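>>> I would like the atomic coordinates for the input below:
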Amino acid sequence: MRVPTVNQPEEFFYFTWAIENLYATQGLVEFLNYASYSLEDHANHARLLIGKALEAETVPASRLAQSAGEPIGSEPWWTPQVDSSAPSAHMRYADLLEAGPEQVLSHPDSYYEADEQIYTPRLDDAAYRLMLTSFLGALIGDKTSIPWLGVLMLRGPSNRQLCISHFMTLVTRGKIGWAVHEIPSRTPILNWARTALKYHNPVEPTFPFPDIVRLYIELSRTGKS
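Residues are numbered from 1 along each chain as shown. Prediction:
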């Protein structure tokens with residue numbers, strides 16, 4: 001990572017990991033590195049860009065096309081140019097899955113570790129991008145990110161389950177996930193998936209989002225003239 005995360009709050013690690021590795025937030029990285037505004041303006045701009053990135057990953061493609069004034073069958077406006085080193089970078093997990101959180105999380109037993117059964121590099125890339133985007137969404141308090149994280153945790157391999165379950169406890173105050181660094185077994189994963197579908201409590205990191213932004217700005221500009 002370009003900004004050091006050692007000995008910093010865990011929420012800061014997830015934020016830095018996500019914004020520095022997502023195509024959709026590269027503009028945000030540059031903004032936080034160089035723009036000179038108030039902390040409130042920086043945080044509000046970050047929320048805006050993150051919200052748009054989350055919508056681009058989760059809102060049905062037909063609705064996105066309509067809101068952008070484009071034909072439904074046209075090349076999606078939200079996708080980056082296809083890079084030869086990452087030919088599937090523009091594929092969305094929601095489209096590859098052809099199912100939303102309600103369908104998946106209502107029947108968790110049927111979808112447990114399902115991505116392992118149908119693994120493809122394209123699906124794995126799309127899941128990784130949605131996971132990072134949903135981390136950011138949860139850090140700004142967007143409740144729609146919780147069901148999607150529930151889907152990714154339920155359907156994912158053990159390393160994804162561990163990563164998401166640990167993150168979820170940070171933004172749900174322990175209602176979902178756990179703080180221990182151990183791979184969860186099937187039973188807690190199924191229970192957390194059901195909770196994620198009907199989660200109505202506030203989504204808020206224990207380390208507040210404005211403080212995450214402030215710390216990122218401070219550390220990203222250390223040593224710059």
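>>> Show me where this structure has its helices.
In the chain, the helices defined using DSSP state H lie at 10-19, 26-34, 39-58, 61-67, 93-97, 101-105, 108-111, 114-117, 121-139, 145-155, 158-171, 186-197, 209-220.
>>> Could you point out which of the ones you listed sits nearest residue 177?
helix 158-171 (3.4 Å; Cβ to Cβ). Bear in mind the C-beta positions are built from the backbone N, C-alpha and C, glycine included.
>>> Got phi/psi on residue 3?
phi -110, psi 130 (degrees, to the nearest 10).
>>> I meant residue 200, not that one.
Dihedral angles for residue 200 - degrees, to the nearest 10 - are phi -120, psi 0.
>>> contacting residues around it?
Counting by Cβ atoms under 8 Å, 6 or more residues apart in numbering, residue 200 touches residue 143.
>>> so what's it scoring on pLDDT?
Looking at residue 200, its pLDDT stands at 91.
>>> Would you mind measuring from it to residue 142?
14 Å (Cβ to Cβ, to the nearest Å).
>>> tally of neighbours for residue 118?
Close neighbours of residue 118, defined as other Cβ atoms under 10 Å, add up to 10.
>>> Then residue 157?
14.
>>> just checking, it touches residue 115?
Yes. At 6.9 Å, residue 157 counts as touching residue 115 under the criterion of Cβ atoms under 8 Å.
>>> how many neighbours does the residue nearest to residue 8 when sequence neighbours are not counted have?
Residue nearest to residue 8 in three dimensions, not counting chain neighbours: residue 215, with 6.7 Å by Cβ to Cβ, 6 or more residues apart in numbering. Neighbours of residue 215 under the rule other Cβ under 10 Å: 19.
>>> repeat for residue 105
24.
>>> you'd agree it is up against residue 147?
Yes. Using Cβ under 8 Å, residue 105 makes contact with residue 147 at a distance of 6.3 Å.
>>> who touches both of the two?
Shared contacts of residue 105 and residue 147 (Cβ under 8 Å, 6+ apart): 196-197.
>>> Any stretches of this protein with poor pLDDT?
Where the chain drops to pLDDT under 70, the residues are 62-90, 223-225.
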